[in-house]
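Engineer: This is a predicted model, with the sequence first.
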Amino acid sequence: MSKDPLSNKQSSPRIAVAGAGAIGCTLAAILAHAGQAVSLLARGSTLQAIQSQGIELRRQAETYQVPVTVSDDAHTLGSQDIVFLCAKSHDLVGLAQAATPLIGPETLIVPMVNGVPWWYFERLPGQDGRRVKSVDPEGRLRALLPSAQVVGVVQFMTAERVGPGSVVSNTPALLILGEIDHTESQRVQDIVDVLNASGIESRHSAQIRDPLWMKIIANLTTNPLSVITGATLNTMYGDPRLLPITRKILFEGLTLAAAHGARIPLDPDTIIKETIAMGAVRTSMLQDYEHGNPLELAAIGDAVLELADAIHLPMPTARDVIAMAHYRGTSQRR
Ligand SMILES: NC(=O)C1=CN([C@@H]2O[C@H](COP(=O)(O)OP(=O)(O)OC[C@H]3O[C@@H](n4cnc5c(N)ncnc54)[C@H](OP(=O)(O)O)[C@@H]3O)[C@@H](O)[C@H]2O)C=CC1
Ligand SMILES: CC(C)(CO)C(=O)C(=O)O
């Protein structure tokens with residue numbers, strides 16, 4: 001495989017977005033609206049809706065109706081330069097299987113997934129070979145998605161699916177991408193350039209696990225608690241009854257991140273202020289709870305506790321809140 005498969009290409013790269021939910025439709029609509037060669041792997045009623053009327057994206061007072069090439073058969077879309085995998089962590093094996101025909105030996109795989117990723121220990125000097133059992137218990141993701149082709153991404157954006165093929169995304173989007181072995185590369189820069197040229201603010205990091213920890217902590221402090229309380233981001237970080245709980249989880253998460261050598265550029269008070277400023281956002285986990293969908297607790301909760309257990313860090317508040325969120329998730333689905 002050439003090291004930088006995109007660097008010598010004259011035409012725009014072939015991009016596929018697999019998974020047509022909140023994030024996948026938002027990303028595909030923005031890229032297609034900007035003129036990129038985008039295909040979307042969708043299924044069921046979402047596929048039908050997008051085939052007949054394109055993706056409907058509502059963003060900052062504008063509504064866009066964006067036609068995209070869409071199919072439920074990845075063979076018809078063929079091998080791509082970049083594949084964004086956009087699904088909940090627990091659906092990733094199924095999505096990766098469905099997306100296999102999109103992935104050739106030089107395709108860059110960009111998993112847009114919250115929580116601790118299955119690749120966390122991969123290509124990390126001294127740790128390669130360790131597995132995150134909570135997210136990849138049988139090593140199926142590792143087998144399906146070659147780590148040399150995986151590009152890490154951390155997504156600071158929000159989106160909500162309001163109907164099949166119809167999404168709302170009002171907060172500013174920032175994507176940070178990086179090689180999972182913490183090098184800089186032209187191929188990551190090429191993806192960053194495509195995203196920036198399409199209007200999605202993106203940055204290249206040679207330490208992708210630093211912003212990854214920032215995002216793991218954002219999800220850890222808010223997603224499980226939102227399921228228990230029904231509260232939005234600004235309330236969980238602003239209400240005097242909830243802030244003491246959020247703050248304890250924040251400190252537990254920051255301690256774990258520091259133990260993993262992560263450099264978090266923000267102090268706790270700034271994190272609290274910036275989260276309040278995001279406004280009345282319902283977390284993706286709260287949205288799933290309200291729709292009766294499975295909760296992404298393995299990646300956002302259990303995997304964090306797995307990393308903490310490995311170094312004997314107790315994390316009592318996070319543990320209690322995650323246990324309650326599990327209870328809510330399963331009691332609702334009985
Ligand atoms: N939404 C948000 O605001 C944010 C989400 N994230 C993270 O991004 C990731 C994606 O989230 P989000 O977009 O909200 O999730 P959604 O549940 O909205 O979308 C996931 C999509 O994947 C599709 N899918 C799942 N399995 C398959 C399969 N085997 N074949 C084809 N399609 C499949 C689902 O299809 P179907 O509908 O048919 O089931 C669904 O459309 C998650 O990790 C989430 O935590 C991160 C930041 C913010
Ligand atoms: C909005 C945010 C940051 C909340 O933790 C998120 O990533 C999600 O909803 O899953």
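Structural biologist: Looks like it arrived, so ask away. Ligands and ions are numbered 1, 2, ... in the order given.

Engineer: Only C-alpha atoms from now on, for both contacts and neighbour counts.
Structural biologist: Fine.

Engineer: which one is Pro314 nearest to, not counting chain neighbours?
Structural biologist: Spatial nearest neighbour of Pro314, excluding adjacent residues (C-alpha to C-alpha, 6 or more residues apart in numbering): Ala308 at 6.9 Å.

Engineer: quick one: whichever strand or helix holds that neighbour near ligand 1?
Structural biologist: Secondary structure from DSSP states H and E places Ala308 in helix 303-310. No: applying C-alpha under 6 Å from any ligand atom, one finds helix 303-310 separated from ligand 1 by no less than 13.4 Å.

Engineer: Quick check: what element follows that helix along the chain?
Structural biologist: helix 316-333.

Engineer: helices and strands around that next one, which ones?
Structural biologist: helix 209-229, helix 243-259 (3 or more C-alpha pairs under 8 Å, 6 or more residues apart in numbering; DSSP states H and E).

Engineer: Highest mean neighbour count out of those helices?
Structural biologist: Neighbour counts (mean count of other C-alpha atoms under 10 Å) averaged over each of those peak at helix 209-229, with a mean of 24.

Engineer: residues making contact with that one?
Structural biologist: For helix 209-229, the surrounding residues in contact (C-alpha atoms under 8 Å, 6 or more residues apart in numbering) are 114-116, 153-156, 176, 180, 231-233, 236, 246-247, 249-250, 253-254, 257, 262-264, 282-286, 289, 297, 300-301, 318, 321-322, 324-325, 328.

Engineer: Stretch 319-334 now?
Structural biologist: So stretch 319-334 is contacted by Pro224, Leu225, Val227, Ile228, Tyr289, Gly292, Pro294, Leu295, Leu297, Gly301, Asp302, Leu305 (C-alpha under 8 Å, 6+ apart).

Engineer: From Lys133, how far off is Leu225?
Structural biologist: 23 Å (C-alpha to C-alpha, to the nearest Å).

Engineer: what does Ala218 give?
Structural biologist: For Ala218, the distance to Lys133 (C-alpha to C-alpha) stands at 21 Å.

Engineer: and what of Val192?
Structural biologist: Counting by C-alpha to C-alpha, the gap from Val192 to Lys133 is 30 Å.
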